[in-house]
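Asker: here is the input, now give the coordinates:
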Amino acid sequence: MEIRRGVRLLRGSPNTLVVGEYVVDPGQPKERAAEILSAVGRTPRILLTHFHADHLTAVPEGAEVYAPWGEELFVASVKARLFFTHGVYTEGAVYKGEDIKVSAVVKPGDKVGPFEVVPLPGHTFGHVGYYIDGLLYAGDAVFGEKVLEKYGVPYLMDVDLFIASLDKIREIDPETLVMGHGPVLGSRKRIGELLDINKSAAERAVRLVLSALPGDVTTLAVKVLKETGGERGWENVLLTMTTVRAVLSKLSREGIVHIDEEGRWGRRI
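Answerer: Numbering: from 1, shown residues only. Just a heads-up that it's a prediction; the model follows:
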């Protein structure tokens, strides 16, 4: 699908952006690499928004890979990647990818080919977006409504950074927004509405964790999923535990919660 002249989209979950020899987030499954090579016509240069396996499993063999600064270890090592994604190494994870040789790192403000690297942390600590001529590829800095409904709460490593990144997208004011998991948006009005929905989802996650207290992280995650009707497989429980930890980190910094000697979190009295 051609979004505009010279800018193509390979639809999927995640979506993949192709501009000349540059490919943003090749995605998954591994077999998708052949589609990418066909679209580019040569060995591509891969730009990653973050280290999660579903965004990099289809990196073609021999490609130059540019990882966000601070996340290069997790791109390079599947064991580190899965441990940091789930909080534990899980051999049975649906998406794992392989060890990947990182050619270079990118930092916010860098120019890489036709793209400007934009800081959009929160989903992961080093998450970035890629901007080109009014189009922003935002990766997982923002989610489509169906994704939020399926999983109950957004996957976050830092709640405040995630919300600040939504504000950053407003500041950029793109004409077109491409996200990892969701539709392409070509209306500033619709982009603004989705940013509001994502902010509300993050704020709801905070309220849900507070209402689920007291409990350990696993118990709180299961309570949150029951409340939202989110997918209840073991992998989503682990993913939701990361969001719960992010919320507890925020509330702990603010002096609202504490953890006892048995690992249970509760409100600070």
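
Asker: where along the stretch 51-200 of the chain do the helices fall?
Answerer: In the stretch 51-200 of the chain, the segments counted as helices under DSSP state H, counting those that start in this stretch are 53-56, 72-76, 78-86, 145-151, 159-172, 188-212.

Asker: what's around P26, how many residues?
Answerer: As a burial measure, P26 scores 28 neighbours (other Cβ atoms under 10 Å). Quick note: C-beta positions are derived from backbone N, CA and C, even for glycine.

Asker: kindly report the same for W69.
Answerer: Residues contacting W69 under the criterion other Cβ under 10 Å number 14.

Asker: ok, R4 next?
Answerer: 14.

Asker: ok, E2 next?
Answerer: For E2, the count of nearby residues is 9 (other Cβ under 10 Å).

Asker: looking at it, it is touching R8, isn't it?
Answerer: Yes: the pair formed by E2 and R8 meets the contact definition of Cβ atoms under 8 Å, at 5.3 Å.

Asker: secondary structure class for H50?
Answerer: Secondary structure assignment for H50 (DSSP: H, G, I helix; E, B strand; the rest coil): coil.

Asker: quick one, what contacts it?
Answerer: The neighbourhood of H50, defined by Cβ atoms under 8 Å, 6 or more residues apart in numbering, consists of P68, E71, H123, T124, G126, H127, V128, G139, D140.

Asker: can I get the buried ones among these as something I can paste into ChimeraX?
Answerer: With 16 or more other Cβ atoms under 10 Å as the burial test, the buried ones among those are selected in ChimeraX as follows:
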select :68,71,123,124,126,127,128,139,140
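
Asker: and the contacts of H50, which is closest to R207?
Answerer: Minimum distance to R207 across the contacts of H50 is 19.6 Å, recorded for H123 (Cβ to Cβ).

Asker: how close does that closest one sit to A141?
Answerer: 6 Å (Cβ to Cβ, to the nearest Å).

Asker: OK, contacts around V128?
Answerer: Contacts of V128 by Cβ under 8 Å, 6+ apart are T49, H50, P68, V106, P108, V117, V118, P119, L120, G139.

Asker: so which of those is the closest to V224?
Answerer: Nearest to V224 among these: H50, at 22.7 Å, using Cβ to Cβ.

Asker: give me the contact list for the helix or strand of the chain with the lowest mean pLDDT.
Answerer: Confidence across the helices and strands of the chain bottoms out at strand 2-4, with a mean of 89, counting by mean pLDDT, DSSP states H and E. Strand 2-4 has contacts (Cβ under 8 Å, 6+ apart) with R8, L9, L135, T176, V178, V184.

Asker: then stretch 142-154?
Answerer: The contact list for stretch 142-154 (Cβ under 8 Å, 6+ apart) reads 123, 162, 166, 169, 177, 179-183, 194-195, 197-198, 201-202, 204-205, 208, 224-225, 227-231, 236, 239-240, 243.

Asker: hang on, K107 packs against W69?
Answerer: Yes: judged on Cβ under 8 Å, K107 makes contact with W69 at a distance of 4.6 Å.
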